[in-house]
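Undergrad: Using only what follows, build the 3D model:
(2 chains)
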Amino acid sequence: MMNGPAPETLLSLRGLTKTFGTFKANDSVDLEIRPGEIHALLGENGAGKSTLVKMLYGALQPDAGTIVWRGEEVTVPNPAHARHLGIGMVFQHFSLFEALTVAENIAVALPGDIPLRKIAADLERVSKEYGLPLKANARVYDLSVGERQRIEIVRCLLQQPDLIIMDEPTSVLTPQEVDQLFKVLRQLSSEGKAILYISHKLEEVRALCERATILRHGKRVGDCVPNAETAASIARMMVGADIHEVRPARHDVDRSNPLLSLKGVTMDARDTFGTALKDVSLDLYAGEIAGIAGIAGNGQTELFDVISGERLAGRPEQVMLLGRPIGHADISQRRAMGAVFISEERLGHATVPTLTLSENVILTRYRVNSGLKSGPFLNRGKAKSLLETITATLDVRKSAPDPAAQALSGGNLQKFIIGREVLEDPRVIVVNQPTWGVDAGSAARIRQALIDLAESGAAVLVISQDLDELFEFTDRLAAIAEGRLSEFEPVAKTNRNAIGLKMSGIFAGDEEAAQ
Amino acid sequence: MRIELIKRGTPSATLRYLSPIIGLTLAVITGAIMFAIMGKDPAVALYVYFVEPLTEAWSVHELLIKAAPLILMGAGLSVCYLSNNWNIGAEGQFIVGALAGSIFPVLFTGFDSFIVLPSMVIFAMVGGALYAGIPALLKAKFNTNEILTSLMLVYVAERLLDWLVRGPWRNPGGMNFPESVRFPEFARIPQLMPADGRANWGFIASVIVAIAIWVMLSRTLKGFEVKVIGTSPRAGRFAGFSATNMIFFSFMLAGACAGLAGIIEVAGASGQLRPIISPGYGFTAIIVAFLGRLNPLGAIVAGLVLALTYLGGEAAQISLQISDKATRVFQGALLLYVLACDTLILYRVRFTRTPRATVEAAE
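TA: Numbering: from 1, shown residues only, chains lettered A, B, ... in the order given. Next comes the predicted model:
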């Protein structure tokens, strides 16, 4: 359009609109990408990024608007057609068969009957060309997350796309792996392949992308050159208001009596593809926020389960809460002692999606709040009044007085969950991925709530994959890798590189792992 | 061409309640077509099936007799299905309950005391619960499929009953007929209004039990636990509820209900054990549970409706010479329509054309 003749523009979307029921996920969105450009698509969760990309990749059909590809108006009925046009996509959640080899995984995704030997050869050629080391015969279950992502990228490259869509590609990578990925992306760009890069990590976008399109509530609210902006100014465009800055707690912590301790906990993986815990020990003290960094699937779920009591430790004294051995106590008993647990999975674990919010209050509080029950009977009125308190204190926005949990957006549901758990001044708070997929405004509110709890004397343990978040508001940091937990270090005395190394499994004085 | 089911954004709440009525209407229409094909006048057949049984007092009494076991087992099975435990073996639990409850009148015929009838009821409920405990135990310990085990135990129970009435429990003075002794009067469930018909207090008991289960489900923590474990097992564990205990709770509750239904049948209407004591009540109760929206109060209504199909089937057999298999066809059609209505209310069907050409083009 504005850029004149067709070759200048690889792709332009004009007035793309998609409505789900009464909700406009995309409202007349325009987007233009030039050949070889790395273009960022920015926006908070629920801003409409995924919907837009799905229409481009043929997974959804637009209700209105046109897609112009290389100067011609096209329709993309399905992903196969998108790949045929030259549009490839690397998904945030990998779609790989764990039990198959790398080459087999790629063969499954390619059309037609190409002999496995030819695929293996092509794969090794492409992976050499772009510095994406991969072994064709390796089994996927042996590979790290970074390596799995390489398979997805190579699989995409083998189809010779002109545009590669990448959905949150760095959310599962260590800082070192991110650098590696950026090199590959820059090389692709220099060869004329365009990249549409979806992310909410603003520093990365500033370092990598030439232009950015920003979505808010399904509409395009602006364009920018990320390098010419600050992270704060981009965030303002995404959120539409200044983000409330969190106030870190920095004060002395009495380290004589830990509120929560793990002593040499070893535990099997939850399932075939989980990670076993190996000799994990930690002490958590009143008034502090301790953080555990790590890439997804390195034992975080198992660690959370053994602390919460969803799985029991080998011996009771391996888990100590307020000085009492609780390794064999169930989750209700631990809650009754003043511990609360905030799990990573909001729907289906922390809440029942189809039950109302007030019923979801009962879910974790029936044992702790005596007002919720009289004899065997439930007191639903009390649950409703607790819900009002939660709504007011954490500013939970909902469409009805007592909607089903699944009707809330990610951020509001997480505020509800945090509010529910902190109602009765807990002594120990264990939280896994507190702000994952949560919009910036709610994330700040959630972190502030955790800081306030620590200041009032509670002990907070945060497990997270988001290094920015951990550096922003924790006091001590450790990393978990392959089920082993590193020593904690004060945040002031460590840095992203050091934590990044630990996240990849290289601990200080650990020669075996370093090899 | 491909057919897809796509989840609707907000399924209509009204339609969800109307679903059983739509299903029933469709089943009646199907029945009419079936009768027409068999060469009977559909209007007459439907009248015989669904109206005639309600026109006379004795026949309404028969309706209550048939409704009682259906309501009891439908209400019990609702708890199983809500908690995601697929108990298909109510028929077997019904039989074993009836056998356990018959120990007193069959083996201690002369023992006349006011405690005999209450003991029979308790024995029956315990027997049904223990028999339902077998598939529960197998599921909890060995993760076996409860649909298969509970179903197979139905056939075991049927053989057991058959063996007992032909062997050790056969009435010595019964001219070699495969029957137990007739239960003495003190071991029979009293009739409601003996002047009008045979209906007994079993129907009242079934309504009371259904209401009690409804209170449990809607008002107590245990009922909340049933719903949570049924819809979201991981959230249930997070809440501190035990899915294993729930397997036993739901199975044994449904088993106790089925056992009670069994003793109501043999100590009520029939008054003795015979090789066959149930026209498939335990299986029909599955339809009752779903037609009643897995709500015990709904099971009361649904139990009466399905009881009517049994009565209508008998009437049609006599006056129109329609095989009693027609009743099973009708009941099956009803379940199918109700489940189909539920699915179509939650999902919408989309026919899509997949251009196959893209695969070749990509090569």
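
Undergrad: Would you point out which residue of chain B is nearest chain A?
TA: Closest contact between chain B and chain A, by CB to the nearest CB, is at B:G240 (3.5 Å). From N, CA and C alone the C-beta is placed, and that goes for glycine too.

Undergrad: and that residue, that's in a strand?
TA: No: the assignment for B:G240, made by DSSP: H, G, I helix; E, B strand; the rest coil, is coil rather than a strand.

Undergrad: How many residues are close by the closest residue to it other than its chain neighbours?
TA: Take B:G240 and drop its neighbours on the chain: the residue closest to it by CB to CB, 6 or more residues apart in numbering or on different chains is A:S332, 3.5 Å away. Residues lying near A:S332 (other CB atoms under 10 Å in any protein chain shown) number 16.

Undergrad: in a strand, that's where A:S332 is, yeah?
TA: No: residue state for A:S332 (three-state DSSP) corresponds to helix; a strand is not indicated.

Undergrad: in stretch B:312-326, what's buried?
TA: For stretch B:312-326, the neighbour count (16 or more other CB atoms under 10 Å in any protein chain shown) marks B:G312, B:G313, B:E314, B:A315, B:A316, B:Q317, B:L320, B:I322, B:A326 as buried.

Undergrad: quick one: the residue of chain B closest to chain A and A:D330 touch, right?
TA: Yes: with contact defined as CB atoms under 8 Å, B:G240 and A:D330 form a contacting pair (5.7 Å).

Undergrad: just checking, next helix/strand downstream of the helix or strand hosting B:A315?
TA: Element membership of B:A315 [criterion: DSSP states H and E] is helix B:296-320. Sequence order places helix B:325-346 as the next helix or strand after helix B:296-320, per DSSP H and E.

Undergrad: Could I get the full set of strands for chain B?
TA: Remark: strands assigned in chain B by DSSP state E are B:2-7, B:347-352.

Undergrad: per-residue pLDDT, A:E98?
TA: pLDDT, A:E98: 82.

Undergrad: Can you list the low-confidence ranges for chain B?
TA: For chain B, applying pLDDT under 70 flags the ranges B:1, B:9-10, B:352-363.

Undergrad: what's near enough to touch the residue sitting nearest the centre point of it?
TA: Nearest residue to the geometric centre of chain B (CA atoms, centre = their mean): B:A285, 1.4 Å. By CB atoms under 8 Å, 6 or more residues apart in numbering or on different chains, the contact set of B:A285 is B:P69, B:L70, B:L72, B:M73, B:G74, B:G76, B:L77, B:A90, B:A258, B:G303.

Undergrad: which residues touch whichever residue of chain A sits closest to chain B?
TA: Proximity of chain A to chain B (CB to the nearest CB) peaks at A:S332, 3.5 Å away. A:S332 sits next to A:R367, B:A239, B:G240 when contact means CB under 8 Å, 6+ apart.

Undergrad: how far away is it from A:A350?
TA: Between A:S332 and A:A350 the distance is 15 Å, computed by CB to CB, to the nearest Å.

Undergrad: for B:M34, same thing?
TA: According to CB to CB, B:M34 and A:A350 sit 51 Å apart.

Undergrad: what sits against the closest residue to A:E345 other than its chain neighbours?
TA: Spatial nearest neighbour of A:E345, chain neighbours left out: B:R234 (7.5 Å); criterion: CB to CB, 6+ apart. Counting by CB under 8 Å, 6+ apart, B:R234 makes contact with A:E345, A:G348, A:H349.

Undergrad: I'd like to check which residues are in contact with the residue sitting nearest the centre point of chain A.
TA: When CA atoms, centre = their mean is applied to chain A, the residue found nearest the centroid is A:W436 (4.6 Å). By CB under 8 Å, 6+ apart, A:W436 lies in contact with A:E344, A:S464, A:Q465, A:D466.

Undergrad: quick one, phi psi at it?
TA: Backbone torsions for A:W436, taken as degrees, to the nearest 10, come to phi -60, psi 130.

Undergrad: Can you report how many residues lie near residue 218?
TA: You didn't pick a chain, so chain A it is. Per other CB under 10 Å, the neighbour tally for A:G218 reads 22.

Undergrad: Let me rephrase: I mean chain B.
TA: Residues near B:S218, counting by other CB under 10 Å, number 15.

Undergrad: nearest spatial neighbour of A:A25, skipping sequence neighbours?
TA: Nearest to A:A25 is A:T51, by CB to CB, 6+ apart, at 4.1 Å.

Undergrad: okay but that neighbour is in contact with A:K18, surely?
TA: Yes: at 5.3 Å, A:T51 and A:K18 qualify as touching, with contact defined as CB under 8 Å.

Undergrad: Overlap of the contact sets of these two?
TA: Taking CB under 8 Å, 6+ apart as the criterion, A:T51 and A:K18 both touch A:A25, A:N26, A:L60.

Undergrad: Could you export the contacts of A:W436 to CSV, including columns for distance to A:N257?
TA: Below are those laid out as CSV (distance: CB to CB, whole Å):
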residue, distance to A:N257
A:E344, 29
A:S464, 26
A:Q465, 30
A:D466, 30
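
Undergrad: Out of these, which sit inside strands?
TA: If you go by DSSP E, the contacts of A:W436 have A:S464 in strands.

Undergrad: A:D167 bridge partners, please.
TA: Going by DSSP bridges, A:D167 is paired in beta bridges with A:I198.

Undergrad: Next one: it from B:I29, what distance?
TA: 50 Å.

Undergrad: and what of A:G338?
TA: 62 Å.

Undergrad: Can you pull the residues of the stretch 201-350 of chain A lying near chain B?
TA: A:S308, A:E310, A:D330, A:I331, A:S332, A:R335, A:F341, A:S343, A:E345, A:G348, A:H349, A:A350 (CB under 8 Å from any CB of the partner chain).

Undergrad: And the pLDDT at the third one?
TA: Among the per-residue scores, A:D330 shows a pLDDT of 93.

Undergrad: show me what contacts it?
TA: A:G309, A:L312, B:G240.

Undergrad: my guess is the first one contacts A:V340, does it?
TA: No: taking contact to mean CB under 8 Å, the distance of 12.0 Å between A:G309 and A:V340 leaves them out of contact.

Undergrad: Where do the helices of the stretch 251-400 of chain A begin and end?
TA: Remark: helices assigned in the stretch 251-400 of chain A by DSSP state H, counting those that start in this stretch are A:300-308, A:331-336, A:357-365, A:380-394.

Undergrad: can you list these in a markdown table and add distance to A:G505?
TA: Output for the helices of the stretch 251-400 of chain A, formatted as a markdown table (distance: least, CB to CB, whole Å):
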| stretch | distance to A:G505 |
| --- | --- |
| helix A:300-308 | 14 |
| helix A:331-336 | 30 |
| helix A:357-365 | 34 |
| helix A:380-394 | 37 |
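
Undergrad: so which of those gets nearest B:V226?
TA: Taking CB to CB, helix A:357-365 is the member of those nearest to B:V226, at 12.7 Å.

Undergrad: Which pLDDT value goes with the residue lying closest to A:A269 once chain neighbours are set aside?
TA: Nearest residue to A:A269, sequence neighbours excluded (CB to CB, 6+ apart): A:A276, at 4.7 Å. At A:A276, the model reports a pLDDT of 89.

Undergrad: Does A:A276 touch A:G483 like I think?
TA: Yes: contact criterion CB under 8 Å: A:A276 and A:G483 qualify, at 5.0 Å.

Undergrad: Just the buried residues of stretch B:75-88, please?
TA: Neighbour counts over stretch B:75-88 (16+ other CB under 10 Å) mark B:75-88 as buried.

Undergrad: For A:F471, the count of nearby residues, please.
TA: For A:F471, the neighbour count with other CB under 10 Å is 16.

Undergrad: Comparing the strands of chain B, which comes out most buried?
TA: strand B:347-352 (a mean of 11; mean count of other CB atoms under 10 Å in any protein chain shown).

Undergrad: Packing partners of it?
TA: strand B:2-7 (3 or more CB pairs under 8 Å, 6 or more residues apart in numbering or on different chains; DSSP states H and E).
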